[in-house]
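Colleague: model the following, please.
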Amino acid sequence: MTAPGETGAARLEVEGLSLSFGGLKALRGVSFSAEPGSITALIGPNGAGKTSMFNCISGFYKPQQGSVRFDGRDVTRMHPPERAGLGFARTFQNIALFRGMTVLDNIKLGRHAHMKTGLLQALAYWGSAQREEMELRAEIERRIIDFLEIDHIRNMPVASLSYGLQKRVELARALAMRPRILLLDEPVAGMNREETEDMARFILDVKEEWGTTILMVEHDMGMVMDISDHVVVLNFGEVIASGLPHEVQADPHVTEAYLGSGDPAALMARLKGEAGGKASAERETREDVA
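Modeller: Down below sits the predicted model:
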């Protein structure tokens, strides 16, 4: 049975992408690539264009200029379901799970784009639909639930889970799509240090054990520098730096974009502090609501 990464990682190429909303230019001729089986981090100050770029890559936005190519194929005008069929999978900054459903049922929804049986067969739960459902459940339990260490919560409703476990379930649902490229939108936003370390470990395992290409938007610079193979920095919709983590960290253009001065050590200290402060604030807000 095919695991998510066994269909082969793919190369993503973004070339000259420009996106405007009226008079506001969100992206200005952005170009970069994510190599097969690597982790590429897309970073930048607030308002730099990271979310706009992610939405163009996943098909939610259509750029006015430029192209998105997936393994040499132009997918710029494809809709999100078509891209999902090619091997795109995405998580979201704000958890997008069905809170009243169980963990297992949420994960199974991730395979919708690849199901072969029709609606009537699925409703009847008969013949090929029943066999496909049983095979899907077995694969999810063996390949994904065990892999992400969530067997103990598989039958629990999502609403009863901690924030960190909900983020893990969202990753599981994305993996159920058998992704060739995995788009992670702030995968550790709002997590404490232990949850962040667990998620970083799982992301590395997805790359190393399944060979999946990963593109990640993240504000936690400690995590970005620890696990990324390549870092792309946006500022005001333009690429201002691109390279290995240590090269980007020392780039004066990056330091100036974040701080307005040229001290890389101060940059990292500030970014790590902002990431930690953001996580604490978000967690306190959730606790107040609860």
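
Colleague: how about the helices in the stretch 51-200 of the chain?
Modeller: 80-86, 103-109, 119-124, 128-139, 163-175, 193-210 (DSSP state H, counting those that start in this stretch).

Colleague: in CSV, list these along with mean neighbour count.
Modeller: Where C-beta positions appear, they are placed from N, C-alpha and C, glycine not excepted. Listed next are the helices of the stretch 51-200 of the chain as CSV, based on neighbours: other Cβ atoms under 10 Å:
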stretch, mean neighbour count
helix 80-86, 15
helix 103-109, 20
helix 119-124, 12
helix 128-139, 14
helix 163-175, 22
helix 193-210, 17
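
Colleague: surely residue 99 and residue 161 touch.
Modeller: No: the pair residue 99 / residue 161 is not scored as a contact, 9.1 Å apart, by Cβ atoms under 8 Å.

Colleague: out of the two, which sits in the busier spot?
Modeller: A count of neighbours by other Cβ atoms under 10 Å puts residue 161 above the other of residue 99 and residue 161, at 19 against 12.

Colleague: what sits closest to the more buried one if chain neighbours are left out?
Modeller: In space, and not counting its chain neighbours, residue 161 is closest to residue 153: 6.2 Å by Cβ to Cβ, 6 or more residues apart in numbering.

Colleague: surely that neighbour meets residue 106?
Modeller: No: Residue 153 is not in contact with residue 106 according to Cβ under 8 Å; the separation is 10.9 Å.

Colleague: shared neighbours, these two?
Modeller: residue 169 (Cβ atoms under 8 Å, 6 or more residues apart in numbering).

Colleague: strands of this protein, start to end?
Modeller: 12-21, 24-34, 39-43, 65-70, 73-74, 88-90, 181-185, 213-217, 230-235, 238-243 (DSSP state E).

Colleague: out of these, which is closest to residue 251?
Modeller: Residue 251 sits nearest to strand 238-243 of all the strands of the chain, at 4.4 Å, using Cβ to Cβ.

Colleague: what angle sits between that closest one and strand 24-34?
Modeller: Between strand 238-243 and strand 24-34, the angle comes out at 20 degrees (axes from the mean of the first three to the mean of the last three Cα atoms, to 10 degrees).

Colleague: what is the burial count for the closest residue to residue 136 other than its chain neighbours?
Modeller: Among residues not flanking residue 136 along the chain, residue 111 sits closest, at 5.6 Å (Cβ to Cβ, 6+ apart). Residue 111 is flanked by 18 other residues according to other Cβ under 10 Å.

Colleague: tell me how far residue 111 lies from residue 170.
Modeller: 15 Å (Cβ to Cβ, to the nearest Å).

Colleague: domain boundaries for this structure, per the record?
Modeller: 9-87+179-289, 99-177 (automatic domain parsing).

Colleague: for the residue lying closest to residue 80 once chain neighbours are set aside, what are its contacts?
Modeller: Once flanking residues are discounted, residue 80 sits nearest to residue 59: 4.1 Å by Cβ to Cβ, 6+ apart. By Cβ under 8 Å, 6+ apart, the residues touching residue 59 are 75, 78-80, 82-83, 88.

Colleague: could I get the helices of the stretch 51-200 of the chain in CSV, plus columns for distance to residue 31 and mean pLDDT?
Modeller: Rendered in CSV, the data for the helices of the stretch 51-200 of the chain read as follows (distance: least, Cβ to Cβ, whole Å; pLDDT from 0 to 100):
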stretch, distance to residue 31, mean pLDDT
helix 80-86, 19, 90
helix 103-109, 34, 88
helix 119-124, 42, 45
helix 128-139, 37, 69
helix 163-175, 26, 93
helix 193-210, 23, 94
